[in-house]
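Engineer: got a structure for you, letters missing:
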Ligand SMILES: Nc1nc2c(ncn2[C@@H]2O[C@H](COP(=O)(O)OP(=O)(O)OP(=O)(O)O)[C@@H](O)[C@H]2O)c(=O)[nH]1
């Protein structure tokens with residue numbers, strides 16, 4: 001039996017079939033897509049990592065950080081360790097060497113800076129014929145070394161007479177002759193004792209004056225060290241209130257040898273610092289109070305007022321035993337003029353000649369003593385803390401002659 005074919009509706013059947021085929025194709029495509037998307041083994045997109053916490057470089061990392069054992073899941077803070085307060089050791093107090101024999105120890109430095117001057121003179125004086133030209137040269141050498149005009153004339157006259165008497169000279173005789181002359185000019189008979197002896201209960205007071213930059217503060221500090229080295233007790237007064245750094249500098253010098261330093265605010269009255277330092281010295285029964293002053297050379301009257309007041313105020317409590325003028329040996333004639341101004345303003349009792357290691361013009365010892373009528377008591381022979389020595393004329397002259 002055959003089914004009759006409805007030819008009239010055939011086109012309808014044909015339309016349904018088309019739709020079914022399209023739906024089937026779409027369904028297949030969709031299934032394929034899903035398969036591709038979720039097939040086993042397909043790599044998933046990397047998850048977005050949360051930002052890592054910042055890390056410290058190795059040496060800055062706190063101890064224990066990042067050292068947890070494997071598999072640790074939680075990080076506990078390390079147990080609190082009780083903090084022991086750090087013990088701050090008091091600054092070590094130094095014991096400086098005594099002042100005696102220092103110039104001998106520092107002689108090589110002196111010889112290094114001065115022997116050219118001595119060698120030149122010895123060579124000239126050893127010549128067979130000493131005519132006027134040679135004598136002029138000798139004179140020039142002495143002037144160049146800052147011996148000063150009058151002492152040079154005196155020396156040349158004396159040498160001329162003695163050479164005439166001697167006639168022919170051996171090198172030893174020449175050396176002896178020159179040594180005598182130089183020593184006579186330096187004058188070994190001057191009293192170079194530093195007045196730092198206590199008066200009963202009261203300390204001696206040393207006032208340090210001079211132009212800034214000459215080594216005034218350094219010399220004050222070095223002197224304190226030398227006195228401590230000699231077994232004395234010292235108080236320092238930082239009356240150079242003009243420059244705070246000067247007081248700081250002095251404080252360091254004092255701390256190193258266990259000496260108290262009295263200071264005031266920057267710009268305060270130097271006289272009041274000097275007064276307080278003297279009072280402290282009396283209270284602590286020290287041997288010596290050393291007062292560093294500003295002594296700026298604005299005007300002569302200004303300087304006179306300042307130093308005069310400092311001195312008067314100290315004298316309410318003690319006596320000023322020593323007024324030390326600090327003079328830079330390298331400044332030559334300029335330094336000499338400054339020294340004269342100070343000499344007119346205060347009664348200088350001694351000279352501390354600094355930086356003698358840095359100049360060949362050692363003749364300044366002779367000229368400054370002559371100009372001021374005051375002995376050189378101390379010499380600075382270097383920047384080291386113990387490079388200040390009591391002046392010894394014989395060691396000085398021998399160093400010039402390269403002995
Ligand atoms: N070579 C050498 N240098 C020295 C000597 N004495 C001091 N000086 C140096 O000179 C410089 C000036 O010294 P200071 O003590 O600061 O001078 P000052 O006169 O006190 O000057 P202010 O501090 O401005 O008041 C420093 O560098 C010292 O080390 C010395 O005998 N020889």
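Structural biologist: The structure has been received and is ready for your questions. None of these values were measured; they are calculated from a predicted model. Residues are numbered from 1 along each chain as shown.

Engineer: So which bits of the stretch 301-403 of the chain are right by the ligand?
Structural biologist: Applying the criterion C-beta under 6 Å from any ligand atom, the portion of the stretch 301-403 of the chain that neighbours the ligand consists of 354, 355, 357, 358, 380, 381, 382, 383, 387. From N, CA and C alone the C-beta is placed, and that goes for glycine too.

Engineer: I meant to write the stretch 1-150 of the chain there.
Structural biologist: Checking the stretch 1-150 of the chain against the ligand by C-beta under 6 Å from any ligand atom, there are no hits.

Engineer: Name the residue of the stretch 1-150 of the chain with the shortest distance to the ligand.
Structural biologist: Closest residue of the stretch 1-150 of the chain to the ligand, C-beta to the nearest ligand atom: residue 109 (8.9 Å).

Engineer: Tell me the predicted confidence for that residue.
Structural biologist: According to the per-residue confidence, residue 109 scores 91 in pLDDT.

Engineer: quick one on the thing from earlier: what subset of the residues of the stretch 301-403 of the chain next to the ligand is buried?
Structural biologist: In those, burial by neighbour count holds for 354, 355, 357, 358, 380, 381, 382, 387, counting by 16 or more other C-beta atoms under 10 Å.

Engineer: Now for these: which two are most distant?
Structural biologist: Of all pairs drawn from those, the widest gap by C-beta to C-beta lies between 358 and 387 and measures 11.4 Å.

Engineer: can you give me the strands in the stretch 251-400 of the chain?
Structural biologist: In the stretch 251-400 of the chain, the segments counted as strands under DSSP state E, counting those that start in this stretch are 260-263, 288-293, 320-328, 350-354, 376-380, 388-390.

Engineer: packing partners for the last one?
Structural biologist: This points to strand 388-390. For strand 388-390, the contact count by 3 or more C-beta pairs under 8 Å, 6 or more residues apart in numbering; DSSP states H and E identifies helix 102-105, helix 216-229, strand 376-380 as packing neighbours.

Engineer: from the chain's centre, how far out does the last one sit?
Structural biologist: The one in question is strand 376-380. With C-alpha atoms, centre = their mean, to the nearest Å as the basis, the distance from the averaged C-alpha position of strand 376-380 to the chain average is 20 Å.

Engineer: Quick one: list the elements packing against that strand.
Structural biologist: Here strand 376-380 is seen to pack against helix 216-229, strand 350-354, helix 364-372, strand 388-390 when contacts are counted using 3+ C-beta pairs under 8 Å, 6+ apart.

Engineer: got it, and the shortest one?
Structural biologist: Secondary structure elements in contact with helix 102-105, counted by 3+ C-beta pairs under 8 Å, 6+ apart, are strand 388-390, helix 393-400.

Engineer: Dump the ones you listed to CSV, plus mean neighbour count and distance to residue 102.
Structural biologist: As requested, the helices and strands packed on helix 102-105 are exported to CSV (neighbours: other C-beta atoms under 10 Å; distance: least, C-beta to C-beta, whole Å):
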stretch, mean neighbour count, distance to residue 102
strand 388-390, 23, 4
helix 393-400, 22, 10
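
Engineer: and those as JSON lines, adding mean pLDDT?
Structural biologist: Converted to JSON lines, these look like this (pLDDT from 0 to 100):
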{"stretch": "strand 388-390", "mean pLDDT": "97"}
{"stretch": "helix 393-400", "mean pLDDT": "94"}
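
Engineer: Report the buried residues of the helix or strand harbouring residue 136.
Structural biologist: Assigned by DSSP states H and E, residue 136 belongs to helix 132-144. Neighbour counts using 16+ other C-beta under 10 Å place 135, 137, 138, 139, 141, 142 of helix 132-144 among the buried residues.

Engineer: same check, this time on stretch 233-253
Structural biologist: 233-243, 246-247, 249-251, 253.

Engineer: Please flag which of those sit within strands.
Structural biologist: Using DSSP state E, 234, 235, 236, 237, 238, 239 are the members of those that sit in strands.

Engineer: Please identify which of those residues is nearest to residue 257.
Structural biologist: The shortest gap between residue 257 and any of those belongs to residue 234, at 7.7 Å (C-beta to C-beta).

Engineer: Quick check: residue 178 touching residue 402?
Structural biologist: No - in this structure residue 178 lies outside contact range of residue 402 using C-beta atoms under 8 Å: 11.2 Å.

Engineer: rewinding a little: now do the helix holding residue 136 against helix 364-372, angle only.
Structural biologist: For helix 132-144 against helix 364-372, the angle by axes from the mean of the first three to the mean of the last three C-alpha atoms, to 10 degrees is 70 degrees.

Engineer: So which elements touch helix 132-144?
Structural biologist: Other helices and strands packing on helix 132-144, by 3+ C-beta pairs under 8 Å, 6+ apart, are helix 107-125, helix 149-166.

Engineer: Stretch 229-239 and the ligand, any residue contact?
Structural biologist: No - Stretch 229-239 stays clear of the ligand (C-beta under 6 Å from any ligand atom), getting no nearer than 10.3 Å.

Engineer: If you average the pLDDT over that stretch, what comes out?
Structural biologist: Per-residue pLDDT over stretch 229-239 has a mean of 97.

Engineer: hmm, back to that, could you tell me the least trusted of the helices and strands packed on strand 388-390?
Structural biologist: For the helices and strands packed on strand 388-390, where the average pLDDT is lowest is helix 102-105, sitting at a mean of 91.

Engineer: If you count neighbours, what's buried in that helix?
Structural biologist: 102, 103.

Engineer: Can you give the distance of that helix from its chain's centre?
Structural biologist: Between the mean C-alpha location of helix 102-105 and the chain-wide mean there is a distance of 23 Å, by C-alpha atoms, centre = their mean.
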